[in-house]
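>>> here is a sequence together with a model predicted from it:
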Amino acid sequence: MMTKPVILTGIRANNDLHLGNYAGAMLPMVDMAGKQAGDYQFNFFVPDLHSFTTPIDHDSLYGQTLATVRMYAAAGLPMDHGDVHVYRQSRVPAHSELTWILSCFTYFGEMSRMTQFKDKSQKTGGDNASVGLFAYPILMAADILLYGAEYVPVGDDQTQHLEFTRDIADRMNNQFGQLFTLPKPVKEQHQFFGTEQGLRIRNLIDPTRKMDKSDETGKGVIFLSDPPETARKKITGATTDSLGEIGYDYSRRPGISNLLDLLWLFGGDPEEFKGATQYGPLKQAVGEKVADFLADFQSRLEQTDDETIKNVLADSEAAADETARQRLHQVQQAVGLRDN
Ligand code: TYM
């Protein structure tokens, strides 16, 4: 399982997946698997242990985990390809064990500086935020380092966690010898996936915010389960500006830049619209591309079945366990837990 360079990513199951998740993590993975299958190994896993860093409905977690895998199948990840592995984090115990070891080399201050922790802990009540939420970038680092993953397609909200993964790997390597492969620097990751910067799909109504599911009205976020017509309407209602000529400017014109990004991601050509003064045709083009994508995606989703998914998971989990166990063994030796 370890010979080819590894491209790896994870999407939490309890996330009501939306276009931001699709663009930041699913599309780059599926795209590369389509173009480069054979050259790389693709690990897609569901970080189910990450799912309850904040309170959730535990009764629905198991079903949501399978549903997330089905979404990847619908997005076009070739599940039956020998280089594609799809597994649940909780089924590979080495993730949790390596996390403990890494956490003893992680600084309290380092975790305290994570912006996602600061944001989310504020929302979940300050001091009552869980220790799991605080420490979760360490689990994320273990997810990546166990498989020696070099490329990790994520949205820009995860950049800090990726940088931490490089830091902790480097720290361990300095102290204990060459234990871990470092994921590529963030800039190289962007080049590899063909973007100028980390992807951040914006909320359609308030484009200064990223698109995420915590949108009270639901008008600013397009869920992968939205009927195509609903998505089209949401795009028609997207906030733009009154600056005239269409062009990219993420700081002054986040709404228009977001629409251009969406057009590009879903197969349109932003060049056709640059310099135009009417925003209507751009919105219409984005709406059509997104609606077409959703219609295809949803019909493929209906064709997936849990039986196939469970078989894929069982095979991949056995393979992932083998690889992860070997890496953990080396770490245990290095830190003095084993003599051979
Ligand atoms: P999660 O589940 O919150 O989000 C899944 C992926 O979606 C990306 N994303 C976005 N990308 C662009 N624009 C947006 N508006 C947007 N919203 C979300 C996220 O950046 C992410 O890539 N910690 C991770 C899961 C994880 C992981 C890992 C990822 C755990 N271990 C190891 C990679 C490698 C998370 O909570 O993502």
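Yep, it's here. None of these values were measured; they are calculated from a predicted model.
>>> skipping adjacent residues, who's closest to whatever residue of the stretch 101-250 of the chain ends up closest to the ligand in space?
The nearest approach of the stretch 101-250 of the chain to the ligand comes at Gly155, 2.2 Å away (Cβ to the nearest ligand atom). (C-beta placed from N, C-alpha, C; glycine too.) Spatial nearest neighbour of Gly155, chain neighbours left out: Gly24 (2.9 Å); criterion: Cβ to Cβ, 6 or more residues apart in numbering.
>>> any idea how far Thr217 is from the one you found?
Per Cβ to Cβ, to the nearest Å, Gly24 is found 22 Å from Thr217.
>>> equivalent analysis for Leu77, please.
For Leu77, the distance to Thr217 - Cβ to Cβ - is 32 Å.
>>> neighbour-wise, which of the two wins?
Set Leu77 next to Thr217 and count neighbours by other Cβ atoms under 10 Å: Leu77 wins out with 20 against 7.
>>> the closest residue to the more buried one other than its chain neighbours: helix or strand, and which one exactly?
Nearest-residue entry for Leu77: Val30, 5.2 Å, with adjacent residues in sequence omitted and distances by Cβ to Cβ, 6+ apart. Here Val30 sits within helix 27-36, counting by DSSP states H and E.
>>> for the protein, what helix or strand is lowest in average pLDDT?
Using mean pLDDT, DSSP states H and E, helix 115-123 stands out as the lowest-scoring helix or strand of the chain, at a mean of 88.
>>> contact residues of the chain facing the ligand?
8-12, 15, 20-21, 23-25, 47, 50, 140, 143-144, 152, 154-155, 157-158, 199-201, 210-212 (Cβ under 6 Å from any ligand atom).
>>> just the buried subset of those, written out for ChimeraX, thanks.
A single ChimeraX command is used to select the members of the residues of the chain next to the ligand judged buried by 16 or more other Cβ atoms under 10 Å:
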select :8,9,10,11,12,20,21,23,24,25,47,50,140,143,144,152,154,155,157,158,199,200,201,210,211,212
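>>> residues in contact with the helix holding Val30: which ones?
Contacts of helix 27-36 with the rest of the structure, by Cβ atoms under 8 Å, 6 or more residues apart in numbering, involve 7, 9, 40, 42, 44, 72, 75-78, 81, 84, 151, 153, 193, 265.
>>> for the least confident helix or strand of the chain, what is the distance to the chain centroid?
When distances are taken as Cα atoms, centre = their mean, to the nearest Å, helix 115-123 is centred 18 Å away from the chain's centroid.
>>> give me the helices and strands touching it, please.
If you count contacts as 3 or more Cβ pairs under 8 Å, 6 or more residues apart in numbering; DSSP states H and E, helix 115-123 packs onto helix 131-145, helix 159-176.
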